[in-house]
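Enquirer: Next come a sequence and a model predicted from it.
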Amino acid sequence: MSVLVFSLIHLVRGDPIRLALGTRFSQETYDALRERSGLDLPLVQQYLTWAGRAVTGDLGVSFRSGDTVTSLIAERLPATLTLALASLLVALVIALPLGMLSALHPRSLVDRLATVVSQFGISVPDFWLSIMLILVFAGTLGWLPSGGYVPLTEDPLGWLQRLVLPAVATGVVSGSVITRFVRSSMLEALGSDHVRTAQAKGVPTRQVLTWHVLRNALLPLVTVTGVQLAYLLSGVVVVEIVFSWPGLGQLAYQAVRDRDFPVLQGAVLLFALVFLVINLLVDLLYSRIDPRIARR
Amino acid sequence: MRTNRLLPLAAAAALVLPACGGGESVDTGGGGGGGGDNTLIAAVSAEPDQFDPHVTNAYASFQVLENVYDTLVVPSAEDLTMQPSLAESWTTSPDQLTWTFTLRDGVTFHDGSEFDSADVVYSYRRIIDEDLSNAYRFATVADVQAPDPRTVVITVTRPTPNLLELIGSFKGMAIVSENAAEEFDLQSEANGTGPFQLESSDANGTVLTAYEDYWGGAPTIDGVEFRYITEASSALTALRNGEVQWTDNVPPQNVADLEGDEEVELGSVTSVEYFYMSMNYQVPPFDNRDVRRAIATAIDRDEVTQAARFGAAQTNQTAIPEGSPYYLDYAPFTPDQDAARRLIEQAGVQTPLTMGLMVTDEYPETVAAAQVIASQLEPIGIDVEIQEEDFATWLDRQSQGDFDAFMLSWIGNIDPADFYENQHLSTGGSNYQKYSNPQVDDLLTRAATEVDPTARKDLYDQAARIIVDDVSYLYLYNPDEVQAWVPGLTGYQVRADAAINFETVELP
C-alpha cells in the first residue's frame, strides 16, 4: 500500500524544487535545495527512509513550509472532522424522512418530488451549489458569513454560523445519494415475505415498520452512509476551497499543485486509513444490527 | 485575545431569526479576530507557504512579509525608482566597484534589538553562503563588509548599475537580525524592522500587529488580519457584506461590474508584469524568422487582451509598460492577415502547419488568450493545438524544451536587466526558446555595466527593438493590477509591482 502511494506520487510529472524556486534561480540554489529536501538520493533510499520513519508516526517535513506533515494534518483535522460530521447530519436529516416517505407511498406525489430533489442533489455540481449558497445567504440576504473557520472552543456562534453553508452544500449531495438507498432498501424490505406474513398475522403497522422493515432496510443504509462518511472525511476539496474551509482536502490539493511529496504521501495514507477504519466499523455494526451475520 | 462581541442570546437570535432586508452586514468580530476594531481584515487568495523571506518564493508570503520586513532601499510607489529605506544614503566609488551605504539611525527590530551593519552583512551572507533563492542577485557581489555599525560596503566584480534594484526590489532581500536563523524559527516567526509584527499564522489566517517603535512612525491601524479566500466570488461577497475590508482577489471579468458598485472601491494601475508567447527556436518551422513574424503580424493584441483580461490591461509590443522610466514606444506589428499569409509564403513553409501552444490553468487568462490566438492563426494556415497543463507539468516541459510554443508572464521586474537578460541572452537561464543573436548579446552585456543612465537606456532600447523584430518573445500586454476595498478606506495605494503595503492605511 505505502509502496503504491509512494511510487504513484513520484511518477507524476513535475519537479517540486523548480516549483518551489519560481522562475529565476541559479543552478547552485537548485542543487542546494534539492540536497536539503533529500531529493538527490535514489528513489529506493528515499522510500526506505520515509517508510522507516512513517511506522514510528513521523511522516516527514513539508518541502514548502518546513512544518512536519503530522502537525499540518493535525492542524486541519478538526476542521475536516467538524465539516464531515455536520454534513453527514444534514445528509441524514434530508435522507431518512424523504427516503422513508417515498418508500411508503411509492409513485405518489411525495415520491416523485423526492426523486426530483435527490436527482437534483446528485447532479448539481458542488462548486455551483456552494457559490449560489454564498451569493444568496452571505451576499443578498447577509444572514451568514461567506466562509472561513473558527474553532468551536473560541467562538461557538461563529463556528456554527460558518459551518451551516458548507455543511448544507456537501450534505445535500451526500443526502441525495443516501435518500435513494433508503427508498430502495425500504421498498425491498416492504415487499419481502416476512413483512407480508407479519401483516397477515395482524401485527400493527407501526410494529411491522420498525421491527420488520426498518431493521432490514438499515443494512444497506449503514454501508452507504459509511462510504459517504469516508468520502467526507477525505476532505471535500471544492467545497473547502469555495468556503475557505481549512481542511484536509485543501491541504492535499495544495500539496498536489506544489508536488509537496511528504504532505501528499501523508494525506493519501491518512485517507486510506480512514476508509479501512470506517469499513471495519461498518462491518462490526452489521453484526449488531443483524445477528444472523454475527452467527455466520 | 480573540473576542466574541455578541451576547449568546442575541447571537442565537441573529442565527435563527435573521434580520429582514438584504445586504445587512454580518458580525465579523466573532470570526478569528486579530485585535480591536481598528484592525484591517484583508482577503488574499492564497495561504503563505512560510515566512522566511530568504527562502520562500510565494507571492502569498511576500504579501505578508512586505509589511514586516525592510530592505536597504525600496521601490517608490509612484514609479518604482529606488528610494532610501534602511539605508539613508549611498555613494559609489569612481571605478563603480565599491558601494558604500550609510544606515539609518534609531531603527529597532521587533524584539527590541538595535539595527546595525552586522545585521545587513548577516542577511546577505546568509543568502549567498547557503545558496538561498535569491543568491543569483549577488552574482556580481564580491564581498559585503561592515567597517562600522552605520556603514555597509558592498564590493562588486564589475560595475553593477542595477545593484540597488537587485538588493531592494522586493522583500526577498529583507534584512533580518543577526543570527536570526539560529534565534528564531524563521519559517513561522519573524523579527523584522517593518511597520507590523508577525503575531500568529495558521490555516485560518495570518495576524499582524502594529509595531509601535517603527522607524517610519507607528501605523495608524492596530494590525492586519490576512484571510485566505481562494474563490473570488466568496472574497467579493465578503468585501460587500463587510467581513473583510480589502482584497486583491478581483478577477478581470468582475472589474466592469465593480466599477459601478457603490459598496466597493476599486484601485487599478498598469503593472510591470507582462504576458507573452514564446516559440521554440529548436522546432521547425518556428526557427524561421519569417514564420514567427507572420504569427506576430496575424495576432490582434487588442482582441487577445479583451478576451484574456476583459480589457483590464494595456496591450504592448515590448515588455516594459508605459509609465516606467524605461518604457520604449515601439510597435512594429499591425494586425494584417494578408501580410501574415505573404510572410508564410515567403518563408516557403507548407501550410497548414500545426503549432502546439502550451498554457496552464495556474494562469487562466493564458487559456483564454490561447483560444483567441488559435482563431487568429487559423486563417493563415496554422492549426493551433492548445495544450493545457497543470503548472508543475508545464514547468517540466518548458525546462526540457518539450514545446512548440508557450504562454506565460513575468512578474516583479523593475530594471531593464530583469526584463531582457535572463530571457534573451543566448546564455540566459530562462531562455527556454533558445534565442541567440550575437548583436543582442553584445548590447545586453554592454548595458549591464553601463553606468550612464541615458546611454544605458539607449542600449536596452536597441536590444529591445531587435528582440521584438526577431520575435524572441511575442509580447502581448501588461495586465492591470486591480484591488478592491471598502469605501472610506484611505492611505492605500495600488502599486505597479503588486507589493501590498498597509503602513499608512486608515480605516473608515
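Expert: Perfect, I can see it now. Numbering: from 1, shown residues only, chains lettered A, B, ... in the order given.

Enquirer: Next, the contact list for A:Phe25, please.
Expert: Contacts were defined as C-beta atoms under 8 Å, 6 or more residues apart in numbering or on different chains; by that measure A:Phe25 touches B:133, B:135-136, B:429. Backbone N, C-alpha and C define where each C-beta goes, glycine included.

Enquirer: Going by the annotation, which residue ranges form each domain of the chain?
Expert: Here I'm looking at chain A. Under the assignment automatic domain parsing, the domains of chain A span A:2-54, A:74-289.

Enquirer: hm, I was asking about chain B
Expert: Under the TED database, the residue ranges defining each domain of chain B are B:69-183, B:274-480.

Enquirer: hang on, the earlier thing: any of the contacts of A:Phe25 buried? List them.
Expert: For the contacts of A:Phe25, a burial check counting by 16 or more other C-beta atoms under 10 Å in any protein chain shown picks out B:133, B:135-136.

Enquirer: just those that are near chain A?
Expert: For chain A, the contacts drawn from these by C-beta under 8 Å from any C-beta of the partner chain are B:133, B:135-136.

Enquirer: which of these lies closest to B:Ala146?
Expert: B:Ala135 (19.8 Å; C-beta to C-beta).

Enquirer: ok so that closest one is a helix residue?
Expert: Yes. Assessed with DSSP: H, G, I helix; E, B strand; the rest coil, B:Ala135 lies in a helix.

Enquirer: Specify the local secondary structure of whichever residue of the stretch 151-300 of chain B sits closest to chain A.
Expert: Across the stretch 151-300 of chain B, no residue is closer to chain A than B:Ala203, which sits at 3.4 Å (C-beta to the nearest C-beta). Put simply, B:Ala203 is coil when judged by three-state DSSP.

Enquirer: How about the contacts made by the closest residue to it other than its chain neighbours?
Expert: Leaving aside its chain neighbours, B:Ala203 sits nearest to A:Pro246 (3.4 Å; criterion: C-beta to C-beta, 6 or more residues apart in numbering or on different chains). Under the criterion of C-beta under 8 Å, 6+ apart, the neighbours of A:Pro246 are A:75-76, A:79, A:149, A:240, B:202-204, B:228.

Enquirer: Could you save the ones next to chain A among the buried ones among the contacts of A:Phe25 as a markdown table and add columns showing distance to B:Asp185?
Expert: Supplementary listing: these in a markdown table, determined by distance: C-beta to C-beta, whole Å:
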| residue | distance to B:Asp185 |
| --- | --- |
| B:Ser133 | 18 |
| B:Ala135 | 22 |
| B:Tyr136 | 26 |
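
Enquirer: May I see those residues arranged in a markdown table, with pLDDT and distance to B:Arg292 as well?
Expert: Below are those laid out as a markdown table (pLDDT from 0 to 100; distance: C-beta to C-beta, whole Å):
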| residue | pLDDT | distance to B:Arg292 |
| --- | --- | --- |
| B:Ser133 | 90 | 33 |
| B:Ala135 | 93 | 34 |
| B:Tyr136 | 92 | 29 |
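
Enquirer: for those, which one is nearest B:Leu489?
Expert: Sorting these by distance to B:Leu489 puts B:Ser133 at the head of the list, at 32.9 Å, by C-beta to C-beta.

Enquirer: Just to check, that closest one is in contact with B:Pro53?
Expert: No. Checked against C-beta atoms under 8 Å, the pair B:Ser133 and B:Pro53 is beyond contact range at 9.3 Å.

Enquirer: so what sits against both of those two?
Expert: Common contacts of B:Ser133 and B:Pro53, defined by C-beta under 8 Å, 6+ apart, comprise B:Gly172.

Enquirer: distance of B:Phe184 from A:Val213?
Expert: Taking C-beta to C-beta, to the nearest Å as the criterion, B:Phe184 is separated from A:Val213 by 65 Å.

Enquirer: what about the two, which has more around it?
Expert: Summary of the neighbour comparison: B:Phe184 and A:Val213, criterion other C-beta atoms under 10 Å in any protein chain shown, with A:Val213 having more neighbours (26 against 17).

Enquirer: Helices of the stretch 1-150 of chain A, start to end?
Expert: Here the stretch 1-150 of chain A has its helices, by DSSP state H, counting those that start in this stretch, at A:2-11, A:16-21, A:27-36, A:43-54, A:69-104, A:109-123, A:126-133.

Enquirer: What residue in chain B comes nearest to chain A?
Expert: The nearest approach of chain B to chain A comes at B:Ala392, 2.7 Å away (C-beta to the nearest C-beta).

Enquirer: Nearest to chain B: which residue in chain A?
Expert: With C-beta to the nearest C-beta as the measure, the residue in chain A that lies nearest chain B is A:Gly14; the distance is 2.7 Å.

Enquirer: ok, that residue - contacts?
Expert: Contacts for A:Gly14 (C-beta under 8 Å, 6+ apart) come out as A:259, B:390, B:392-393, B:395-396.

Enquirer: count of neighbours near A:Trp50?
Expert: As a burial measure, the neighbour count of A:Trp50 was computed by other C-beta under 10 Å and equals 20.

Enquirer: err, B:Gly223, not the other one
Expert: The tally of other residues near B:Gly223 (other C-beta under 10 Å) stands at 23.

Enquirer: Around chain A, pick out the residues from the stretch 301-450 of chain B.
Expert: In this structure, the stretch 301-450 of chain B approaches chain A at residues B:362, B:390-393, B:395-396, B:399, B:410, B:422, B:429-430, judged by C-beta under 8 Å from any C-beta.

Enquirer: sorry, back to before: out of the contacts of A:Phe25, what pair is the most spread apart?
Expert: Across those, no pair lies farther apart than B:Ser133 and B:Gly429, at 13.5 Å, counting by C-beta to C-beta.

Enquirer: what's the spacing between the biggest helix by length in chain B and its chain's center?
Expert: Within chain B, and with DSSP state H defining each element, the longest helix by residue count is helix B:453-470. Taking C-alpha atoms, centre = their mean, to the nearest Å, one finds the center of helix B:453-470 at 23 Å from the center of the full chain.

Enquirer: Pull out the buried positions in that helix.
Expert: Going by neighbour count (16+ other C-beta under 10 Å), the buried part of helix B:453-470 is B:456-457, B:459-465, B:467-470.

Enquirer: could you point out which element follows that helix?
Expert: The helix or strand immediately downstream of helix B:453-470 is strand B:474-485, counting by DSSP states H and E.

Enquirer: hmm, that following strand touching chain A?
Expert: No. If you take C-beta under 8 Å from any C-beta as the test, strand B:474-485 misses chain A, and the best it gets is 14.5 Å.

Enquirer: What strands line up against that strand, and which way round?
Expert: Strand B:474-485 pairs in its sheet with strand B:246-247 (antiparallel), strand B:265-270 (antiparallel), strand B:274-279 (antiparallel), strand B:313-315 (antiparallel), by DSSP bridges.

Enquirer: Can I get the ones you listed in TSV including mean pLDDT and mean neighbour count?
Expert: Written out in TSV, the entries for these read as follows (pLDDT from 0 to 100; neighbours: other C-beta atoms under 10 Å in any protein chain shown):
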stretch	mean pLDDT	mean neighbour count
strand B:246-247	96	24
strand B:265-270	94	17
strand B:274-279	96	24
strand B:313-315	95	20
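
Enquirer: what residues does the stretch 51-200 of chain A put near chain B?
Expert: A:64-67, A:75-76, A:79, A:131, A:134-135, A:138-150, A:154-158, A:160-162.

Enquirer: Please check these and keep the buried ones.
Expert: A:64-67, A:75-76, A:79, A:131, A:134-135, A:138-139, A:141-150, A:154-155, A:157-158, A:160-162.

Enquirer: Ranking helices and strands of chain B by mean pLDDT, which lands last?
Expert: Between all helices and strands in chain B, the lowest mean by mean pLDDT, DSSP states H and E belongs to helix B:8-16, at a mean of 35.

Enquirer: and the helix or strand that comes right after it, does that touch chain A?
Expert: Scanning forward in sequence from helix B:8-16, with DSSP H and E defining helices and strands, the next element found is strand B:39-44. No. Judged by C-beta under 8 Å from any C-beta, strand B:39-44 makes no contact with chain A; its nearest approach is 8.6 Å.
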